[in-house]
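**Student:** Could you work out the structure for the sequence below:
(chains A and B)
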Amino acid sequence: MNLNDLEKIRVEKIERMRAAGIEPYPTRTEVSHSTAGAVDLFTQAEAAGGTDPVEVTVGGRLRSMRLMGKIFFAHIEDGAGRLQLFMRVNELGEEGMERFRNDFDLGDFVQATGSMFRTRSGEISLHVKAFKMLAKAITPLPAAKDEVVDGQVVRHATLTDAETRYRQRYADLAVNAEVRDVFRARAKTVKAVRDFLDNLGFLEVETPILQPIYGGAAARPFVTHHNQLKQDLYLRISFELYLKRLLVGMLDRVYEIGRDFRNEGVSFKHNPEFTQIEFYMAYADYYKVMEITEQMVSYAAQQVTGGMVIQFGEHTIDLTPPWRRLTLRDGILETSGIDIDAHLTDESLAEAMHAKGIKTKPGASRGKLIDALLSDYLEPTLVQPTFLYNYPRDISPLAKSKPENPQVVERFEGYVACMELCNAFTELNDPLDQEQRFLEMGRDYESEDEERHPMDEDYLRAMSYGMPPCGGFGMGMDRLTMLLANRHTIREVLLFPHLRSEE
RNA sequence: GGGCGUGUAGCUCAAUGGUAGAGCAGUGGCCUUUUAAGCCAUUGGUUCAGGGUUCGAGCCCCUGCACGCUCACCA
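**Tutor:** All right, here's what the predicted structure looks like:
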């Protein structure tokens, strides 16, 4: 370990403590209450008019220290909150005061035993009779000191450097309590979604992450290798093809919450690995899935934020069902002036866009062009929750066509805060049509090209046994967390976001 | 991958091309009992790395690295 000067001083303190027969890393503690628990206990006793002292032992990190001659104030912080410690030479003796003063630093985990009381200024505090080092910190926390003034935490400096915060998330969490709240919100979000689906009779399942054939999305996969089997395997890019196999097996309502891996660019809304929720529901179609979606997301919002109206940056967003429903065609027509239904070929749509002065990539398919119109014109207008529905067939190879129009599929995407949140469709269950779609996507049986999606013959075999009509749904849990925790980059809702290696 | 920006003490930040600084933290001292971010003194630097221009570079130029924003990519 490379130690800087500040750290060397603390290591010397460790040696000094050991020389004095004090273990700076004791194995056991006597902690009886959290800081918040101790305050609660005292508040209740106070309200009941009790006169018996409230005796507790608390533990936590030292976050501030104020030495005033023969009395001494400090704050400790644990996962539940903060508590002021009050120490006097009367109880601790000269030696105890010296010990604390000489051996204890900001950031150390300490234990204090005493009785709760209120200071003259009204702050609930612990009158310390005994203390103990629980774990000596060698490295100073990156924000040196917090102070509580009138019940508010005042920060003298805050760890703000994004790189340090992400690379040393432990330090970020230790020093920025609101970051801990983000991850509590994330856990609540996942639990809310899980509870919601469980209550609808869904079965939570786990399907392979290591897959011999990847599919269910258009993304480049990570490749790995099984040594003994001498077989290349892919980290999954979606759960879709495995979950739908389960409907063939008459698990009628299934969902999975887990990690997907996509070997693509990193951005404020993309991380190489991210958490996805997918569910599949037999005897449902995409209209039914829309209803479930708006109920599920608004339920999660209630569980996490306490209401269905949330603040996201400058936007106040009302997630109360029902959400606005807008066909993709109408949405694009309204925002860009182009009617995609009037331009059914790649060339025709590209010409229409050129006529409006919109640049297109040479050779772009109609689906890609529509996607571009959606991203550039429609998406920025979708602040309030909106279901865009009815998508072109050629960018949706797993979705079922509208009965009256085979070029349009029963697919929708949910948008909130100008961000794609989820993607769902009435699932294609015609095995012959599915095979045709795969072939149209350029996945032929002989293809050895890794960049291409290989034909999944086992999936077609499953379909050929018969899959009930069903609706399917996928949503990025990270993005839902961003929304509910009011964080604007995915890195803020990932504990350990991907960064380049150090050095 | 492209463009723009940032990188200075443990943390937050200063510094016209002319002796690298402040606050907090640290160290030493003062401080006789419910507030004090107290007072005095003091330590601490490979200015991201490597080249170049210059009498002289934290600052200007080049290359590289990392991060941020953005564009591209992205069923």
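**Student:** So which residues make contact with stretch A:212-225?
**Tutor:** A:210, A:231-241, A:260-264, A:272, A:398, A:450-451, A:453-454, A:456, A:458-459 (Cβ atoms under 8 Å, 6 or more residues apart in numbering). Backbone N, C-alpha and C define where each C-beta goes, glycine included.
**Student:** Filter these down to the buried ones and express that as a PyMOL selection.
**Tutor:** Buried subset of those, written as a PyMOL selection, criterion 16 or more other Cβ atoms under 10 Å:
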select buried, chain A and resi 233+234+235+236+237+238+239+240+241+260+261+262+398+453+454+456+459
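**Student:** Quick one: check stretch A:56-75 for contact with RNA strand B.
**Tutor:** Yes: applying Cβ under 7 Å from any atom of the strand, one finds that stretch A:56-75 is in contact with RNA strand B at A:65-71, A:73.
**Student:** what's downstream of the longest strand along chain A, the next helix or strand?
**Tutor:** Ranked by residue count under DSSP state E, the longest strand found in chain A is strand A:55-68. Per DSSP states H and E, the first helix or strand lying C-terminal to strand A:55-68 is strand A:71-78.
**Student:** What is that following strand packed up against?
**Tutor:** helix A:35-47, strand A:55-68, strand A:81-88, helix A:89-103, strand A:146-149 (3 or more Cβ pairs under 8 Å, 6 or more residues apart in numbering; DSSP states H and E).
**Student:** now the angle between strand A:55-68 and it, please.
**Tutor:** Per axes from the mean of the first three to the mean of the last three Cα atoms, to 10 degrees, the angle that strand A:71-78 makes with strand A:55-68 is 120 degrees.
**Student:** Residues in contact with strand A:71-78: which ones?
**Tutor:** Taking Cβ under 8 Å, 6+ apart as the rule, strand A:71-78 contacts A:34-35, A:58-66, A:82-89, A:97, A:100-101, A:110, A:112, A:125, A:146-148, A:177.
**Student:** what about burial for the residues you listed, which qualify?
**Tutor:** A:34-35, A:58-65, A:82-87, A:97, A:100, A:110, A:112, A:125, A:146, A:148.
**Student:** distance between the ends of stretch A:311-327?
**Tutor:** Taking Cα to Cα, to the nearest Å, the first and last residues of stretch A:311-327 lie 26 Å apart.
**Student:** Show me what counts as buried in it.
**Tutor:** Quick answer for stretch A:311-327 (16+ other Cβ under 10 Å): A:312, A:317, A:319, A:321, A:323, A:326-327.
**Student:** for stretch A:243-261, same thing?
**Tutor:** Buried residues in stretch A:243-261, defined by neighbour count with 16+ other Cβ under 10 Å: A:243-248, A:252-258, A:260-261.
**Student:** Stretch A:4-20 near RNA strand B at all?
**Tutor:** Yes: interface with RNA strand B: stretch A:4-20 contributes A:4-6, A:9 (Cβ under 7 Å from any atom of the strand).
**Student:** nearest to A:Met441, of those?
**Tutor:** When the residues of stretch A:4-20 next to RNA strand B are ranked by distance to A:Met441 (Cβ to Cβ), A:Asn4 comes first, at 56.7 Å.
**Student:** Which element, helix or strand, includes A:Pro406?
**Tutor:** With DSSP H and E as criterion, A:Pro406 is part of strand A:405-416.
**Student:** Next SSE downstream of that strand?
**Tutor:** strand A:419-426.
**Student:** List the strands paired with that next one, with their directions.
**Tutor:** strand A:405-416 (antiparallel), strand A:470-476 (antiparallel) (DSSP bridges).
**Student:** after that strand comes which helix or strand?
**Tutor:** Counting by DSSP H and E, what follows strand A:419-426 is helix A:431-440.
**Student:** about what we covered before: most neighbours per residue, which of the strands paired with strand A:419-426?
**Tutor:** Most buried of the strands paired with strand A:419-426, by mean neighbour count (mean count of other Cβ atoms under 10 Å): strand A:470-476, with a mean of 24.
**Student:** quick one: the following helix or strand past it to strand A:470-476, angle?
**Tutor:** Counting by DSSP H and E, the element after strand A:470-476 in chain order, helix or strand, is helix A:477-485. Angle of helix A:477-485 versus strand A:470-476, following the same axes, to 10 degrees, is 70 degrees.
**Student:** CA atoms only: put helix A:477-485 into CSV for me.
**Tutor:** The C-alpha coordinates for helix A:477-485 follow below in CSV (Å, rounded to 0.1, in the frame of the first residue of the first chain):
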residue,chain,number,x,y,z
MET,A,477,-34.8,-1.1,-14.8
ASP,A,478,-31.9,1.4,-14.8
ARG,A,479,-34.0,3.9,-16.9
LEU,A,480,-37.0,3.4,-14.6
THR,A,481,-34.7,4.1,-11.7
MET,A,482,-33.3,7.2,-13.4
LEU,A,483,-36.9,8.4,-13.7
LEU,A,484,-38.0,7.7,-10.2
ALA,A,485,-34.8,8.9,-8.5
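**Student:** I'd like to know how many residues surround the closest residue to A:Met475 other than its chain neighbours.
**Tutor:** Closest residue in space to A:Met475, ignoring its immediate chain neighbours: A:Cys422 at 3.7 Å, by Cβ to Cβ, 6 or more residues apart in numbering. Using other Cβ atoms under 10 Å, A:Cys422 has 24 other residues around it.
**Student:** what sits against A:Cys422?
**Tutor:** For A:Cys422, the contacting residues are A:293, A:413-414, A:473-476, by Cβ under 8 Å, 6+ apart.
**Student:** of all those residues, which comes closest to RNA strand B?
**Tutor:** A:Glu413 (7.7 Å; Cβ to the nearest atom of the strand).
**Student:** A:Asn423 is in contact with the closest one, correct?
**Tutor:** Yes: in this structure, A:Glu413 is within contact of A:Asn423 by Cβ atoms under 8 Å, at 5.0 Å.
**Student:** could I have stretch A:401-414 exported to PDB, CA atoms only?
**Tutor:** The C-alpha coordinates for stretch A:401-414 follow below in PDB (Å, rounded to 0.1, in the frame of the first residue of the first chain):
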ATOM      1  CA  SER A 401     -48.700  -8.000 -37.700                       C
ATOM      2  CA  LYS A 402     -52.000  -6.100 -37.500                       C
ATOM      3  CA  PRO A 403     -54.600  -8.500 -39.000                       C
ATOM      4  CA  GLU A 404     -55.700  -5.800 -41.400                       C
ATOM      5  CA  ASN A 405     -52.200  -4.600 -42.400                       C
ATOM      6  CA  PRO A 406     -49.300  -7.000 -42.600                       C
ATOM      7  CA  GLN A 407     -46.800  -4.100 -43.000                       C
ATOM      8  CA  VAL A 408     -47.600  -2.800 -39.500                       C
ATOM      9  CA  VAL A 409     -47.000  -4.800 -36.300                       C
ATOM     10  CA  GLU A 410     -48.700  -4.700 -32.900                       C
ATOM     11  CA  ARG A 411     -45.800  -3.100 -31.100                       C
ATOM     12  CA  PHE A 412     -45.600  -0.200 -28.800                       C
ATOM     13  CA  GLU A 413     -42.900   1.700 -27.000                       C
ATOM     14  CA  GLY A 414     -43.400   3.700 -23.800                       C
END
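**Student:** quick one: it near RNA strand B?
**Tutor:** No: judged by Cβ under 7 Å from any atom of the strand, stretch A:401-414 stays clear of RNA strand B, getting no closer than 7.7 Å.
**Student:** And the contacts of that stretch?
**Tutor:** A:285-286, A:289-290, A:293, A:297, A:323, A:344, A:385-393, A:396, A:399-400, A:420-426, A:428, A:433, A:475.
**Student:** Give the ChimeraX command for selecting the buried subset of those residues.
**Tutor:** Burial among the contacts of stretch A:401-414 is assessed by 16+ other Cβ under 10 Å; the matching ChimeraX selection reads:
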select /A:285,286,289,290,293,297,323,385,386,387,388,389,390,391,392,393,396,399,400,420,421,422,423,424,425,426,428,475
